[in-house]
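Trainee: This is the structure alone, sequence omitted:
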Ligand code: SF4
Ligand code: SF4
């Protein structure tokens, strides 16, 4: 067993949401965006009024979209609010049942050839739930072309409070081990690690025993943002992923999410696409929970189930550090979602207008060893080249600097603004 940590970062004292992953009742209507991954949107292949079954192809493209319920298509729209802002095409389905389109199978995924497995991964529309929802087949092919020799399964819940990986490690051990075996086979590599956050010695020993001979267990310190692939790679292999635009594959490593490994196993075993997603719902809710949610379920349905107070200030998809605030609760849970965090009105951070007091806290916590106060102040006054000379583009937007700033300066806001302006100028 290896241990791993990062320089900088923050050790939050927040407990991760625990408890078995409950299945959320299916809502009366689901909305399935035709883009739930990094890349271009799929094309709708169903029409309004058409009846569909669970698992039926409804959007075709680089990462196909399947119906997650049986029912009637009520809308095929080009403009539905997107989690990332703006609009995307989407398909609405009124739920009428749960009948599958095709009979499932009970295959042994380890008996499939690398090409057969890759073909099913593509057909099932799998993405890497780890970060950015990258198309999984594409990611695997890229790793192969780069001659990657090491697989890291990321079982570290990135954001404070999120408890999905921790719970999956208890509930889905067999599928995790199976998924790692299959991924090693598809990637044609022998070297694999399973990274988890430190937990009780007994739980660690059980997981270590389960993956023995398949992957080496790595236990990370409970320090945010050690779960970001760039930092995991450095902490485990000592290799530096090149900044600003390098990928783990550039240094011979591919990082794949824990839930992704499970979905690979399930899809190959059943020859069916995934229809639900595990998420943590927490913050200002009466009952914080780990839930298994049908993909396409509107956020409001999830929040009602967990009991939200009347004075919601902000609904964030993801966690408090890197999540995205939502302006519509009609937005559904997609393959990109792993948590919903609710803030009360009274918890919203007010921007003070106070000046930097040069305390250096932001520098101390920055895991990229940047000078956030200098970069952000250049961005604030439009001096983007000067900000870049301090490696503005190296920032991973983890939010540690803004979190600790006693002057409540919106450092990440200014940094993101600076990056977007540079991109605009480059176009
Ligand atoms: S958001 Fe950027 S500048 Fe701030 S701590 Fe994270 S990496 Fe450093
Ligand atoms: S933490 Fe805030 S006040 Fe302190 S140096 Fe950084 S920007 Fe300035």
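Mentor: Thanks, I have it. From a predicted model like this one, the values you see are computed outputs, not experimental measurements. Ligands and ions are numbered 1, 2, ... in the order given.
Trainee: Low-confidence ranges, the stretch 301-427 of the chain, go.
Mentor: Per-residue confidence for the stretch 301-427 of the chain (pLDDT under 70) gives these ranges: 310.
Trainee: domains for this protein, by residue range?
Mentor: Here the domain parsing of the chain from automatic domain parsing is 2-15+106-270, 27-97+275-346, 361-426.
Trainee: mind checking which of these is nearest residue 353?
Mentor: Nearest to residue 353, of all the domains of the chain, is domain 361-426, at 8.8 Å by C-beta to C-beta. Yep, even glycine has a C-beta here, placed from its N, CA and C like the rest.
Trainee: what's the first-to-last distance across the closest one?
Mentor: One end of domain 361-426 sits 32 Å from the other (C-alpha to C-alpha, to the nearest Å).
Trainee: hang on, the earlier thing: can you put the domains of the chain in TSV and add distance to residue 353?
Mentor: What follows is these, written out as TSV (distance: least, C-beta to C-beta, whole Å):
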stretch	distance to residue 353
domain 2-15+106-270	24
domain 27-97+275-346	20
domain 361-426	9
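Trainee: Could you dump these into TSV and include distance to ligand 2 and mean neighbour count?
Mentor: Converted to TSV, the domains of the chain look like this (distance: least, C-beta to the nearest ligand atom, whole Å; neighbours: other C-beta atoms under 10 Å):
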stretch	distance to ligand 2	mean neighbour count
domain 2-15+106-270	13	19
domain 27-97+275-346	16	19
domain 361-426	3	18
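Trainee: residues contacting the nearest residue to residue 400 once chain neighbours are set aside?
Mentor: Nearest residue to residue 400 in three dimensions, chain neighbours excluded: residue 365, at 4.2 Å (C-beta to C-beta, 6 or more residues apart in numbering). Going by C-beta atoms under 8 Å, 6 or more residues apart in numbering, residue 365 touches 8, 9, 10, 400, 401, 403, 404.
Trainee: And the furthest pair within those residues?
Mentor: 8 and 403 (12.0 Å).
Trainee: Tell me how far residue 54 lies from residue 72.
Mentor: Residue 54 is 13 Å from residue 72, where distance means C-beta to C-beta, to the nearest Å.
Trainee: how about the strands in the stretch 151-300 of the chain?
Mentor: 191-197, 216-220, 253-257, 276-283, 289-294 (DSSP state E, counting those that start in this stretch).
Trainee: now the angle from the fourth one to strand 289-294?
Mentor: Right, the one you point to is strand 276-283. For strand 276-283 against strand 289-294, the angle by axes from the mean of the first three to the mean of the last three C-alpha atoms, to 10 degrees is 150 degrees.
Trainee: Which strands and helices lie in contact with strand 276-283?
Mentor: Contact partners of strand 276-283 among helices and strands, from 3 or more C-beta pairs under 8 Å, 6 or more residues apart in numbering; DSSP states H and E: helix 164-171, strand 289-294, helix 299-306, strand 339-344.
Trainee: closest to residue 199 out of these?
Mentor: helix 164-171 (6.9 Å).
Trainee: will you turn the domains of the chain into a markdown table that also has distance to ligand 1?
Mentor: Output for these, formatted as a markdown table (distance: least, C-beta to the nearest ligand atom, whole Å):
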| stretch | distance to ligand 1 |
| --- | --- |
| domain 2-15+106-270 | 7 |
| domain 27-97+275-346 | 9 |
| domain 361-426 | 3 |
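Trainee: Out of those, flag the one nearest residue 354.
Mentor: Per C-beta to C-beta, nearest to residue 354 of these: domain 361-426, 4.2 Å.
Trainee: so how far is the closest one from its chain's centroid?
Mentor: Centroid separation for domain 361-426 versus its chain: 23 Å, with C-alpha atoms, centre = their mean, to the nearest Å.
Trainee: Where do the helices of the chain begin and end?
Mentor: Under the criterion DSSP state H, helices of the chain are mapped to 114-123, 136-145, 164-171, 173-187, 201-211, 229-237, 258-270, 299-306, 361-365, 372-380, 384-389, 400-404, 411-426.
Trainee: what about the residue in the stretch 201-350 of the chain that ligand 2 sits nearest to, neighbour count?
Mentor: Closest contact between the stretch 201-350 of the chain and ligand 2, by C-beta to the nearest ligand atom, is at residue 349 (12.9 Å). By the criterion of other C-beta atoms under 10 Å, residue 349 has 11 neighbours.
Trainee: quick one, phi/psi of the closest residue to it other than its chain neighbours?
Mentor: Nearest residue to residue 349 in three dimensions, chain neighbours excluded: residue 408, at 6.2 Å (C-beta to C-beta, 6+ apart). In terms of degrees, to the nearest 10, the main-chain angles of residue 408 are phi 50, psi 40.
Trainee: quick one, what contacts residue 408?
Mentor: Contacts of residue 408 (C-beta under 8 Å, 6+ apart): 349, 350, 351, 352, 354.
Trainee: just for the stretch 101-250 of the chain, where's the confidence low?
Mentor: 131.
Trainee: Now with 90, please.
Mentor: Residue ranges of the stretch 101-250 of the chain with pLDDT under 90: 101-107, 130-132, 199-203.
Trainee: ok so, going back, quick one, which of the helices of the chain gets closest to residue 22.
Mentor: When these are compared by C-beta to C-beta, helix 299-306 sits nearest residue 22, at 8.9 Å.
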